[in-house]
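Visitor: Just the structure for this:
(chains A and B)
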Amino acid sequence: MSKNAKRRRIVIIFLVLICISILVLTNIYDEKMTPFAYEYYIKNIPEEAQMANAVTAIYLRYRIFDTLFEALLLAVAVSAVVYFAAAWEKGTEEKSG
Amino acid sequence: MNDEKRHSEILEDILQFIYPLIILFGMYVIFTGISQPGGGFQGGAVLVAIFMCRYLVYPDEMRGLNMIGKLDKIILIFILALATIVILTGFKERFPFMNQIYNMVIGILIGAKVASGLTVIFYTFADIEGGDED
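Guide: Below is the predicted model:
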């Protein structure tokens, strides 16, 4: 067995073990949380955010930074795709030429 | 594959009929996102379908992609500036009547941002894949 195949097998076993342990742990420790955030949002959104849609109120008011960084992440993803596409095209041109 | 083989008049005619419906649906999702299910992200993703349809009809015409990429960055700056000003100045508390306008504007900006960003990603991948076919 080559070194890479051995390493791959170890990684697969490790990932399977992690998955099994997560499944077992989530079944053993069935944590019940009080839905205080849910209650707070339902009670206060009409007054605080003045919006009819609770989801919009959450992503435009309570979690605005999440929305902003999501937009930023999308911009980074676009730049990365353009950059890697250009690099990949340059690489294929060099190979063929 | 050359352009004549890929170009389909049936597809073109059908898509000319579908374009306005896609725009209408995308705008509807963006504008009604404040009070109903929907929003800028979802509406923007719907609007990208216009460019995808255009690619199906004219696969070799990708004019203005650089401009869309620049527009994407400009819109991001607008979103960040608007949200920062609103958060830092306590704009919503001082002018509660402007809330609806702010929500509408940022929804439209997010929709435009998502649409332009996904368009650039789609065309870039399409360019790579299309390049392999030829």
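
Visitor: Skipping its backbone neighbours, what lies nearest B:Gly33 in space?
Guide: In space, and not counting its chain neighbours, B:Gly33 is closest to B:Gly39: 3.4 Å by C-beta to C-beta, 6 or more residues apart in numbering or on different chains. Quick note: C-beta positions are derived from backbone N, CA and C, even for glycine.

Visitor: Same question for B:Ala126.
Guide: Per C-beta to C-beta, 6+ apart, closest to B:Ala126 is B:Tyr55, 5.7 Å.

Visitor: Does that neighbour touch B:Tyr123 like I think?
Guide: Yes. Between B:Tyr55 and B:Tyr123 there is a contact under C-beta atoms under 8 Å: 7.0 Å.

Visitor: Overlap in contacts, the two.
Guide: B:Met62 (C-beta atoms under 8 Å, 6 or more residues apart in numbering or on different chains).

Visitor: The two: which is more packed in?
Guide: Between B:Tyr55 and B:Tyr123, B:Tyr123 has the larger neighbour count (other C-beta atoms under 10 Å in any protein chain shown), namely 23 against 18.

Visitor: Does that one belong to a helix, a strand or coil?
Guide: Secondary structure for B:Tyr123, judged by DSSP: H, G, I helix; E, B strand; the rest coil, is helix.

Visitor: where's it relative to B:Gly43, distance?
Guide: 20 Å (C-beta to C-beta, to the nearest Å).

Visitor: got it, and B:Leu11?
Guide: B:Leu11 is 25 Å from B:Gly43, by C-beta to C-beta.

Visitor: Which residue of those two possesses the greater neighbour count?
Guide: Between B:Leu11 and B:Gly43, counted using other C-beta under 10 Å, the more crowded position is B:Gly43 (25 against 13).

Visitor: which bits of chain B sit near chain A?
Guide: With C-beta under 8 Å from any C-beta of the partner chain as the criterion, chain B meets chain A at residues B:33-37, B:39, B:41, B:69, B:72-73, B:76, B:79-80, B:83, B:87, B:92, B:96, B:99-100, B:103, B:106-107, B:110, B:113-114, B:117, B:120-121, B:124-125, B:127-128, B:131.

Visitor: Let's see the PyMOL selection covering just the buried ones among those.
Guide: Command for PyMOL that selects the buried part of the residues of chain B next to chain A, burial taken from 16 or more other C-beta atoms under 10 Å in any protein chain shown:
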select buried, chain B and resi 33+34+39+41+69+72+76+79+80+83+92+99+103+106+107+110+113+114+117+120+121+124+127
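
Visitor: Remind me what the longest helix anywhere in chain A packs against, helices and strands.
Guide: When chain A is scanned for its longest helix (criterion: DSSP state H), the result is helix A:64-96. Here helix A:64-96 touches helix B:65-89, helix B:99-133, going by 3 or more C-beta pairs under 8 Å, 6 or more residues apart in numbering or on different chains; DSSP states H and E.

Visitor: Find the residue at the geometric middle of chain A.
Guide: Central residue of chain A (C-alpha atoms, centre = their mean): A:Glu70, 10.1 Å from the mean position.

Visitor: check contacts around it.
Guide: Contacts for A:Glu70 (C-beta under 8 Å, 6+ apart) come out as B:Phe41.
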